[in-house]
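Student: sharing a sequence plus its predicted fold:
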Amino acid sequence: MISQKYVVLDIEGTVCAISFVKDILFPYFLEALPSKLNHHFSSCPPPDLQPYIDAFPPTVRTSYDCLYAYIRDLTIADKKVSELKALQGYVWRKGYETGELQAPLFPDVYKAFDVWTGASSFEEGKRNVYIYSSGSVDAQILLFAHTEQGDLTGGIQGYFDTVSAGLKTDAASYIKIAEQIGNDVDPSEILFLSDNVKEITAAKEAGWEAYIVERPGNAPLSEEDRTAHEVIQNFESLI
Ligand SMILES: CSCCC(=O)C(=O)COP(=O)(O)O
Ligand SMILES: [Mg+2]
């Protein structure tokens, strides 16, 4: 069982496989995109879509072709830019709400959630769970509300993204999150779990405890990474 009171979780490569994002979420987004952009460039554009489109640079918003190519290229390159992440969340909503999209979390994640959010005391394993992902907060909530084992959002205390907290590779972002979790929270009481070594390094710079999560399909770790950081393959040892 971990000694920290607060657990902050990355999403892609940590609670779900990278393949869910690359092979399911991104293709869904790219397939739905033409219809969304056609609506936007129609004579009667949907007002709720407007702010998402307005977030892209004016130079690429000049035509359907230009905007489509720009967004497609960002998606294929897996750019973690906030305007793309916000639009992806907007587009995924329908997929989750119709049941076409469902997030397959790793089995040990459900088990850890049961303990962390279901136990009645710290001694029995209760922990405060937060999410910090490059995906927008809206997209994070959708994902946890539609997992293969149901809605987990009731057990999550808060969500952070690059808009609310900053880049995941900057120590300053982790300092900001710690302040949001609680003014009286010592950074060493927070455990961050991520597949990304740069994120782990940044969290540690901010005084957090942080472990690399090594899941099937993640980027390979070097011997140096394994020496410098604690590496776990699942959440079993944390509960
Ligand atoms: C919750 S949104 C889906 C995943 C996503 O778009 C993403 O960029 C995930 O990045 P992470 O920081 O969770 O590795
Ligand atoms: Mg990740």
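Tutor: Now that the structure is in, tell me what you want to look at. Ligands and ions are numbered 1, 2, ... in the order given.

Student: and this protein, which residues reach ligand 2?
Tutor: 10, 12-13, 195 (CB under 5 Å from the ion). For every residue, glycine as well, the C-beta is placed using N, CA and C.

Student: just the buried members of those?
Tutor: 10, 12-13, 195 (16 or more other CB atoms under 10 Å).

Student: for residue 76, state which of the residues you listed is nearest.
Tutor: Closest approach between these and residue 76, by CB to CB: residue 12, at 15.7 Å.

Student: rewinding a little: out of the buried ones among the residues of the chain next to ligand 2, who's near ligand 1?
Tutor: Taking CB under 6 Å from any ligand atom as the test, ligand 1 is in contact with 10, 12-13 out of these.

Student: show me the longest helix that occurs in this protein.
Tutor: Using DSSP state H to define each element, the chain has its longest helix at helix 82-98.

Student: so what touches it?
Tutor: With CB atoms under 8 Å, 6 or more residues apart in numbering as the test, helix 82-98 has contacts from 25-26, 28-29, 32-33, 36, 48-49, 52-53, 55-56, 71, 74-75, 100-102, 134-139, 142-143, 145-146, 161-163.

Student: one step back: in strands only, show me the ones next to ligand 1 among the buried ones among the residues of the chain next to ligand 2.
Tutor: Members of those lying in strands (criterion: DSSP state E): none.

Student: redo the residues you listed as a markdown table? Include pLDDT.
Tutor: Conversion of these to a markdown table gives the following (pLDDT from 0 to 100):
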| residue | pLDDT |
| --- | --- |
| 10 | 98 |
| 12 | 98 |
| 13 | 98 |
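
Student: out of the residues you listed, which are inside helices?
Tutor: Among those, no member lies in helices (by DSSP H).

Student: pick the one among these closest to residue 152.
Tutor: For these, the nearest to residue 152 is residue 10 (15.3 Å; CB to CB).

Student: check contacts around that closest one.
Tutor: Neighbouring residues of residue 10 by CB under 8 Å, 6+ apart: 132-133, 168, 192-196, 199, 213.

Student: ramachandran angles for it?
Tutor: Dihedral pair for residue 10: phi -80, psi 160, per degrees, to the nearest 10.

Student: just residue 222 next, same as before
Tutor: Note on residue 222: backbone dihedrals following degrees, to the nearest 10 are phi -90, psi 170.

Student: phi, psi for the closest residue to ligand 1 within the chain please.
Tutor: Closest contact between the chain and ligand 1, by CB to the nearest ligand atom, is at residue 135 (2.1 Å). Main-chain dihedrals, residue 135, degrees, to the nearest 10: phi -60, psi 150.

Student: just to revisit the earlier point, in strands only, show me the contacts of helix 82-98.
Tutor: Among the contacts of helix 82-98, no member falls in strands (criterion: DSSP E).

Student: please check these and keep the buried ones.
Tutor: Of the contacts of helix 82-98, these count as buried by 16+ other CB under 10 Å: 25, 28-29, 32-33, 36, 49, 52-53, 56, 71, 74-75, 101, 134-139, 142-143, 145-146, 161-162.

Student: how about the residues of the chain near ligand 1?
Tutor: Contacts of the chain with ligand 1, taken as CB under 6 Å from any ligand atom, map to 10-13, 21, 25, 80, 88, 133-135, 139-140, 143, 168.

Student: apply 8 Å and report the result again.
Tutor: Residues of the chain lying near ligand 1 by CB under 8 Å from any ligand atom: 10-14, 21, 25-26, 78, 80, 85, 88-89, 92, 132-136, 139-140, 142-143, 168, 194-196, 199.
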